[in-house]
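Novice: test case, fold it:
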Amino acid sequence: MLRVDELTEEQVRALHDEHHMVSPIEQTPAWACYQASIEGREPWGWLGIYEDGQFLAYALAIAYHTHGYTYLNVAHGPCWVNKPDEQRETQAFAALRTFVHSRDKSVVFVRLAAWNASLTSPVLSTIAYDSTVVVDLHGGDEEILRRMSSRGRANVRKALRESPAECADETQRALRGFDEYYGVMVDTAQRDGFTPAPASTYASMLRELGPEHARLYVGRIDGVVSNWCLMTLNDNQAVYYYGCMSTAVRKLRAPDKLFYYAFCDLGRQGYDTLDMMGIGSPFCPQLNTLNQFKTKFAPKITTIAPARDLPVRSHFYAALVQAKALRAKLRTVLRTLKSQAK
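Specialist: Numbers count the residues shown, from 1 in each chain. Predicted coordinates:
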């Protein structure tokens with residue numbers, strides 16, 4: 001029989017080491033501290049999943065207080081000792097739902113990584129993906145290049161020959177002030193049609209996680225920031241979290257040069273892999289535009305457990321789903337009326 005127990009941070013560290021687990025940054029004490037610094041969020045607790053006394057997984061749950069309700073985000077978790085089959089995962093989620101509801105009646109749902117769809121629903125918000133590109137950082141600069149696709153090798157070599165960008169790890173410089181970096185994100189958002197997070201989102205992430213868990217790699221042309229990418233680090237794994245590029249340098253191959261620089265620099269420091277954090281697939285066609293750039297850096301696509309919602313208060317959750325559908329329908333009507341008025 002599966003059960004869920006509350007754990008201390010010390011117990012999680014011991015279990016992590018005992019079972020030689022590799023954890024995503026979002027399932028670490030460092031992430032809990034970082035999330036505690038964000039308004040409307042707070043660490044809800046560490047949870048352990050057991051079967052007949054045998055440890056199976058742990059999870060860090062962060063409470064999100066938003067739009068008048070609360071949900072828990074177990075980002076890229078639970079962290080399993082071994083990948084669960086559908087029956088075990090379903091039983092674990094059922095036990096988790098019972099535990100959460102018994103402890104905190106305000107929680108409407110839990111967002112977590114689910115290999116199987118049982119008991120869960122598609123996420124209400126954000127974009128969930130089930131595919132990514134993981135770059136192997138072993139073997140040195142030439143080996144990293146050799147493992148790319150032929151297109152990737154050609155693009156990187158051309159960037160090394162022709163791009164005027166000078167690349168560096170500017171984490172320490174960014175900690176002293178983020179304004180010059182944020183301007184590039186604003187430019188990217190205007191070009192690509194999205195709303196950028198406040199500058200404090202990126203600055204506080206670097207500050208709260210610290211250089212041990214977050215780095216900012218930057219390209220500069222004639223001394224001016226042309227592009228940058230923010231990487232998170234944990235258990236010798238790196239993840240590409242945020243990135244942007246100035247419109248003025250789009251044809252100067254700065255991204256290829258910067259990513260190759262970051263791959264090589266992290267590889268020399270002993271990091272094993274870099275996850276490019278999500279590409280498009282039949283599960284998530286919204287991200288298909290990322291595929292051409294990201295897939296050239298590795299020979300294969302990696303499948304992961306996508307984020308899904310585990311309803312805890314089912315009637316409340318159903319009302320949220322209905323409200324989302326109504327908002328979508330209203331937006332469609334407004335677009336139609338706007339089009340007819342032209």
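Novice: report the mean per-residue pLDDT for stretch 28-43.
Specialist: Averaging pLDDT along stretch 28-43 yields 96.
Novice: so in this protein, where's the weakest helix or strand by average pLDDT?
Specialist: helix 314-341 (a mean of 82; mean pLDDT, DSSP states H and E).
Novice: so what does that one touch, helix or strand wise?
Specialist: Contacts defined by 3 or more Cβ pairs under 8 Å, 6 or more residues apart in numbering; DSSP states H and E place helix 314-341 against strand 107-113, strand 307-311. Where C-beta positions appear, they are placed from N, C-alpha and C, glycine not excepted.
Novice: the same query, at a cut-off of 10 Å, please.
Specialist: strand 69-74, strand 107-113, strand 307-311 (3 or more Cβ pairs under 10 Å, 6 or more residues apart in numbering; DSSP states H and E).
Novice: in the top strand by length along the chain, what counts as buried?
Specialist: Looking across the chain with DSSP state E, the single longest strand is strand 54-66. Residues 55-64 are the ones in strand 54-66 that count as buried (16 or more other Cβ atoms under 10 Å).
Novice: out of those, who's nearest Asn82?
Specialist: Checking the buried residues of strand 54-66 against Asn82 by Cβ to Cβ gives Leu56 as the nearest, at 7.9 Å.
Novice: ok, and the closest non-adjacent residue to the closest one?
Specialist: Excluding the flanking residues, the one nearest Leu56 by Cβ to Cβ, 6 or more residues apart in numbering is Ile49, at 4.7 Å.
Novice: pretty sure Gly139 is in a strand, no?
Specialist: No. Assigned with DSSP: H, G, I helix; E, B strand; the rest coil, Gly139 falls outside any strand and is coil.
Novice: can you give me the strands in the stretch 201-342 of the chain?
Specialist: 214-221, 224-234, 237-245, 273-275, 302-303, 307-311 (DSSP state E, counting those that start in this stretch).
Novice: now the angle from the last one to helix 314-341?
Specialist: Spelled out, that is strand 307-311. 130 degrees (axes from the mean of the first three to the mean of the last three Cα atoms, to 10 degrees).
Novice: picking up where we left off before, what average pLDDT does the longest strand of the chain get?
Specialist: For strand 54-66, the mean confidence score works out to 97.
Novice: now the helices for the stretch 51-200 of the chain?
Specialist: Using DSSP state H, counting those that start in this stretch, the helices found in the stretch 51-200 of the chain span residues 86-103, 141-146, 150-162, 171-176, 179-192, 199-209.
Novice: care to break this structure down by domain?
Specialist: Per the record, the chain has its domains at 2-120, 134-275, by automatic domain parsing.
Novice: just put the ones you listed in TSV and tack on distance to Pro311.
Specialist: Shown next, in TSV, are the domains of the chain (distance: least, Cβ to Cβ, whole Å):
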stretch	distance to Pro311
domain 2-120	5
domain 134-275	28
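Novice: looking at the ones you listed, spot the one closest to Tyr317.
Specialist: Short answer: domain 2-120, nearest of the domains of the chain by Cβ to Cβ, at 5.2 Å.
Novice: quick one: end-to-end distance for that closest one.
Specialist: 18 Å (Cα to Cα, to the nearest Å).
Novice: wait, which of the domains of the chain is closest to Thr303?
Specialist: Using Cβ to Cβ, the domains of the chain put domain 2-120 closest to Thr303, at 9.4 Å.
Novice: and that closest one, how far out from the chain middle?
Specialist: Centroid separation for domain 2-120 versus its chain: 16 Å, with Cα atoms, centre = their mean, to the nearest Å.
Novice: on that earlier part again, adding mean pLDDT and mean neighbour count, write the helices of the stretch 51-200 of the chain out as CSV.
Specialist: Below are the helices of the stretch 51-200 of the chain laid out as CSV (pLDDT from 0 to 100; neighbours: other Cβ atoms under 10 Å):
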stretch, mean pLDDT, mean neighbour count
helix 86-103, 97, 18
helix 141-146, 98, 14
helix 150-162, 97, 15
helix 171-176, 97, 15
helix 179-192, 95, 16
helix 199-209, 95, 18
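Novice: mind putting those in JSON lines, distance to Val249 included?
Specialist: Listed next are these as JSON lines, based on distance: least, Cβ to Cβ, whole Å:
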{"stretch": "helix 86-103", "distance to Val249": "45"}
{"stretch": "helix 141-146", "distance to Val249": "22"}
{"stretch": "helix 150-162", "distance to Val249": "12"}
{"stretch": "helix 171-176", "distance to Val249": "19"}
{"stretch": "helix 179-192", "distance to Val249": "9"}
{"stretch": "helix 199-209", "distance to Val249": "20"}
